[in-house]
Every structure is written in C-alpha cells, then in structure tokens.
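[1] Below are the sequence and a predicted model; questions follow.
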Amino acid sequence: MPDAPLAAPALPSLPLRAHALRFDAFGGPEVLHLAEMPYGEPDFREALVAVQAASVNPSDVKNVAGRMRQTVPPRTPGRDYAGVVVAGPAEWLGAEVWGTGGDQGYLRDGSHARYLRVPLEALRRKPANLSFEQAAAVPISGLTAIQAVRKAKVQAGQSVAVLGASGGVGSYVVQIAKAAGAEVTGVSSTAKVDLVGGLGADHVVDYTQRDYAEDGPYDVILDIGGSRTLGELRRALTPKGRLIIVGGETDGRWLGGFDRQFRAGLLSPFVGQTLGQVASLEKAEDLVALTELIEAGQVTPAVERTYPLAEAAAAMAHLIAGQARGKLVLHI
C-alpha cells in the first residue's frame, strides 16, 4: 500500500480575544494603550495572520494625531506586518507572509495587533532570507522608495543625491539606486554617517559639516529630508536633472504640508529640469519587485531597534523626534 499522506500540522486553538494597540482619542504617543480585543474568525475571502512584527511609520503618527482621512477612534494603528497564517485555506496555513493595507485599504484594522484578518488577494509570502522583524520593516517604506527611484528614472552611471538617506524611506532609496547602477551620495547628520555608508552609498555627506551641493551638480536628487527650498534643490541639479520630493514634510516636521510638491508640479513644465513628487501606492507587483531585490542581496532592511508592543508609544516618540536610524519595529 502507498504511504498515507502526511497530516497537516496541528494548529493551536485560537483565543477569542487578543492584545492590540489602541487609541481612543486623537493625540500624541501618550494616547496609545494595549487592549484585549475580539477579532472574529476570517470569512471565506480572508486568512487570519498571527502577526509577529509590525513597523512604525510616519503615517501611524498622522493616524494617531487625526491627520489621516477616514480615521475615527477607537482604532488600532499600523500598516506593515509580517506573520504566519493560522486560519484560512489549506494552501496558506503555516505560510510566512508580509504586506500592507493595500490599494483599497485591505486591512480591516491596523497591524499593531496580535491577529490580523487579511484578504486572500493581499497575501504575499515574505522574502525567505528575512526575519519577521526585518520583513515588517520593508513594505510601506520600501514601496515608497522603489516608486521614487522608478519615477526619477535612475540609470546606471548617473549621479544621485539622496537627502534624508538614513531614514526609513531613504535607507531603501540608497540601496535601490545602487542596485540600478547609480553613483549615490547619501546626505545625513553626523550621528548617522556610518549607517549611510553601510548601506552602500559611494559618498556620504554630513550636512552639519558641509553642503552636499558642493559635490554636484547631480543628475537626480531624491529629497526625503523636506527642509530645502526648490531653488536650493534646483541649483544642485544638472540643467536636465530630475528632482523627486518624497513625502509631505516641508520643514522637517512629521506633520508638515505639501506646498513644495505643488509648486514643483506647477514649475516643472516651464523649466529644463523635471520636478516631481511621489506619494506611495501599495502595489502588489512592487512588493514582488522588492522581494526579488532582497532575495538577491541587493536590499537589506536597516532596523535600528525592535520594541515590544507594550512600548509602542516610546517607538513612536523616537520616530517623531527625528532620531531614528533606519526603521523601528514592534515585536508582537
């Protein structure tokens, strides 16, 4: 007789309630607290993921502060996640997955929780060579970075300056631009120079010591720092160079506006340089592209520190202070 098929591994019985991070009113990190929350069973279109790690992003800061559309407390913050499928179709059980809220706001609630219901269409297997903590640090920032580099049309041999190279998005921009064959100059503060050099930047400029523009002009500038005027940025570009502004911070504040982006868009048709912006879109095909870069060893997440879920407020406060070296991750 042929050998009997192996039985699927037994999964632990699941509780009806589990820890999640919540905020009941808008504010700063101080409004965050842990709560025991019911999560319900997934329906036939969903899988239940036991979240192992989730990152902290500027969008979470804005969410908690009440600066995101359609946010009404009480709510759980968080968009990136990495975890294990514990309920759903047999072919997904036990799979290690990662992802984001998706183009249509896939997640019913935030990822800073023990369990998360994820639509089957949004499930993606995480890169095999990353830990859960590393994987959780990628999606939102990595997607923004790969879309910014693509929009900048970075090509082999071009000179590229990355302003804000030590942050969550900037750390990926440096690596993705290098993978495209560019000569990359990373700009950061004194305390983060070693981090940017470790990301593979060809040149690192400490902006407290000298002006990065002295090494220009550059074919491409990707500005994630948010504190330089359009005039300053354009003077550091070649006559046909491309500027991409990433995010909405105009003066170094996490909750800044988008006036530079609007002005760049208005000016671009009338000058020789291309001036644009990027607002991240959570596209599945870009997550696949990131997986390929990561598994090829061309991109590695820069995780400064991992916090337990109970210390999420401290992680968010550290992010707001602008001192993060790469990504901050919650271990759940």
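    Received, thanks.
[2] quick one: the helices in the stretch 201-332 of the chain?
    230-235, 259-267, 284-295, 312-320 (DSSP state H, counting those that start in this stretch).
[3] Redo those as CSV? Include mean neighbour count, distance to Gly88 and mean pLDDT.
    Heads up, the C-betas are built off the backbone N, CA and C, glycines and all. What follows is these, written out as CSV (neighbours: other Cβ atoms under 10 Å; distance: least, Cβ to Cβ, whole Å; pLDDT from 0 to 100):
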stretch, mean neighbour count, distance to Gly88, mean pLDDT
helix 230-235, 15, 47, 88
helix 259-267, 16, 40, 69
helix 284-295, 17, 18, 91
helix 312-320, 20, 27, 94
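[4] Redo those as CSV? Include distance to Gly167.
    Output for those, formatted as CSV (distance: least, Cβ to Cβ, whole Å):
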stretch, distance to Gly167
helix 230-235, 17
helix 259-267, 17
helix 284-295, 17
helix 312-320, 9
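[5] Tell me which of the ones you listed sits nearest to Gly247.
    helix 259-267 (9.0 Å; Cβ to Cβ).
[6] Okay, now the unreliable bits of the stretch 151-300 of the chain?
    248-258, 262, 265-269 (pLDDT under 70).
[7] So Ala201 sits against Val184, correct?
    Yes: at 4.9 Å, Ala201 counts as touching Val184 under the criterion of Cβ atoms under 8 Å.
[8] The two: which has the busier surroundings?
    Val184 (29 against 25; other Cβ atoms under 10 Å).
[9] Now do the same contact list for that one.
    Val160, Ala161, Val162, Val174, Ala177, Lys178, Gly200, Ala201, Asp202, His203 (Cβ atoms under 8 Å, 6 or more residues apart in numbering).
[10] what's the most distant pair in the residues you listed?
    Taking Cβ to Cβ, the two most distant members of the contacts of Val184 are Ala161 and Gly200; they sit 14.7 Å apart.
[11] Of those two, give the one with the bigger neighbour count.
    In this view Ala161 and Gly200 are compared by other Cβ under 10 Å, and Ala161 has more residues nearby, 30 against 16.
[12] And stretch 86-103, what's buried?
    Val86, Ala87, Gly88, Trp92, Ala95, Glu96, Val97, Trp98, Gly99, Thr100, Gly101, Gly102 (16 or more other Cβ atoms under 10 Å).
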